[in-house]
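A.B. asks: Test case, fold it:
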Amino acid sequence: MKKIALLGTTGVGKDTCVKIIKTQFSHLKIKYIRLADPLYLAQQAIYKICGKEKDFSTQDGELLNFLGSHMRKINPNVLQEHFSKSLNNITSDIDLIICMDVRPKDISFVKKEDFFLVNISAPPTVTLQRRKNRNDLSLGSSHHPTEQGLSPKLIDAHIENNGTLDEFKEKVKFLITRVMK
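C.D. replies: Here you go, the predicted model:
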């Protein structure tokens, strides 16, 4: 079983990378998990309490940053503990596990779990436009503390996503083929 963790600021293309993998590698048994699942669940609950609809694909970046900071104050390992439970529930017949949303604070944790760490990057102007295009409810900041602290020496591979979708698709296909060998 191979494990890949995707890292990058909001709007770099992590979800697009996952969609490419789902399409191009449909012959593999893949399990997708999110380290930040507790944040997404809390975000959904807050919107429900407020009586507002929010589809799962649009994000409230400011709220997610806030939730992440405060949930970690309550329990610094909250995301890791939930992630470990998810990881332990994955059956051995899976070919590839993809963690879709690693942040710099969690790199050493996912490395200890044997994940191959892939940093996806794009220029801030590009990521801002992508977040606007997907109708994020608030854009959050790529300079928020949760986005800081990336140590390049811990990265196993890097994909620059600043070109066309087809160019990105080729980079992702090349990477996954290399990892699955």
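A.B. asks: Give me the residue ranges of this structure where confidence is low.
C.D. replies: The model of the chain has pLDDT under 70 over residues 56-57, 130-152.
A.B. asks: any idea where the strands of it begin and end?
C.D. replies: According to DSSP state E, the chain carries its strands in the segments 2-7, 30-33, 96-102, 116-121, 157-160.
A.B. asks: nearest to Ala45, of these?
C.D. replies: Closest to Ala45 of the strands of the chain is strand 96-102 (C-beta to C-beta; 18.4 Å). C-betas here are computed from N, CA, C, even on glycine.
A.B. asks: For that closest one, which strands pair with it and how are they oriented?
C.D. replies: With DSSP bridges as the test, strand 96-102 is paired with strand 2-7 (parallel), strand 30-33 (parallel).
A.B. asks: Tell me how far that strand lies from the chain's centre.
C.D. replies: In terms of C-alpha atoms, centre = their mean, to the nearest Å, the centre of strand 96-102 is found 7 Å from the chain centre.
A.B. asks: buried set for that strand?
C.D. replies: Using 16 or more other C-beta atoms under 10 Å as the test for burial, strand 96-102 gives 96-102.
A.B. asks: And Ile4, how far from Glu53?
C.D. replies: 33 Å (C-beta to C-beta, to the nearest Å).
A.B. asks: Give me the more crowded residue out of these two.
C.D. replies: Neighbour count, other C-beta atoms under 10 Å: between Ile4 and Glu53, Ile4 has more, with 24 against 6.
A.B. asks: Residue nearest the middle of the protein, spatially speaking?
C.D. replies: Asp101 (1.7 Å; C-alpha atoms, centre = their mean).
A.B. asks: right, and it touches Thr10 too?
C.D. replies: No - Asp101 is not in contact with Thr10 according to C-beta atoms under 8 Å; the separation is 9.4 Å.
A.B. asks: quick one: buried residues of stretch 105-114?
C.D. replies: 105-107, 109-111, 113.
A.B. asks: nope, stretch 154-168 is what I meant
C.D. replies: Using 16+ other C-beta under 10 Å as the test for burial, stretch 154-168 gives 159, 161, 168.
A.B. asks: from those, which is closest to Leu41?
C.D. replies: Asn161 (27.4 Å).
A.B. asks: Now do the contacts for the closest residue to that closest one other than its chain neighbours.
C.D. replies: Spatial nearest neighbour of Asn161, excluding adjacent residues (C-beta to C-beta, 6 or more residues apart in numbering): Gly13 at 4.2 Å. Shown in contact with Gly13 (C-beta atoms under 8 Å, 6 or more residues apart in numbering): 120, 122, 130, 161, 168.
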